[in-house]
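Engineer: below are the sequence and a predicted model for it; my questions follow.
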Amino acid sequence: MQFNKTYLLLFLLLFLVEAAIAYYLKDGFIRHTFGDYLVVIMLYLFLKSFIKIKPISASVVVLLIAFAVEFLQLTSFLEYFNLDNNYYAKLILGSTFQISDLLAYTLGVLTIIAIENKRSTLSIFR
């Protein structure tokens, strides 16, 4: 375990953006697709805030979590846990499977990998 303040600050910033999207936008591309794109980046930043892990490994973990949550939406897991009427559970875990969400998660992770690769090539200047 190793705390990283930069990743945590970026996580908190992205969390505020996601909260604003959820609060102010009830429909559309930004709410449904761009929000999913950002959520994997946000989860990555949270993971990297507390665990020293290689970017590719963290990216795979985040993508697996995102895919697992999305595929759970094919089941009645919210109903099983009596959360089918819980606004926050539906907001966080979702309730409708969408293939486009899987694409948004994948693009988010590819963005993470590209940014981290760019940062590592520029690390000679630090």
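Structural biologist: It's in.
Engineer: give the contact list for the residue nearest to V17 when sequence neighbours are not counted.
Structural biologist: Excluding its sequence neighbours, the residue lying closest to V17 (Cβ to Cβ, 6 or more residues apart in numbering) is L38, at 6.7 Å. From N, CA and C alone the C-beta is placed, and that goes for glycine too. Contact analysis of L38 by Cβ atoms under 8 Å, 6 or more residues apart in numbering lists 14, 17-18, 21, 108.
Engineer: list the contacts of the residue nearest the centre of the chain.
Structural biologist: Taking Cα atoms, centre = their mean as the criterion, V40 is the residue nearest the geometric centre of the chain, at 2.1 Å. For V40, the contact set (Cβ under 8 Å, 6+ apart) comprises 62-63, 66, 104-105, 108-109, 112.
Engineer: give me the subset of these lying in helices.
Structural biologist: Applying DSSP state H to the contacts of V40, the entries found in helices are 62-63, 66, 104-105, 108-109, 112.
Engineer: low pLDDT regions in the protein?
Structural biologist: For the chain, applying pLDDT under 70 flags the ranges 123-126.
Engineer: how does it look with 90?
Structural biologist: 1-2, 22, 26-28, 31-32, 84, 87-88, 90-95, 119-126 (pLDDT under 90).
Engineer: helices along this structure, start to end?
Structural biologist: Taking DSSP H as the test, the helices found in the chain are 5-24, 29, 35-50, 55-72, 77-80, 87-93, 99-121.
Engineer: please identify the most buried of these.
Structural biologist: Most buried of these by mean neighbour count (mean count of other Cβ atoms under 10 Å) is helix 35-50; its value is a mean of 21.
Engineer: just read off the phi/psi values of the closest residue to F71 other than its chain neighbours.
Structural biologist: Spatial nearest neighbour of F71, chain neighbours left out: F97 (7.1 Å); criterion: Cβ to Cβ, 6+ apart. Backbone torsions for F97, taken as degrees, to the nearest 10, come to phi -70, psi 130.
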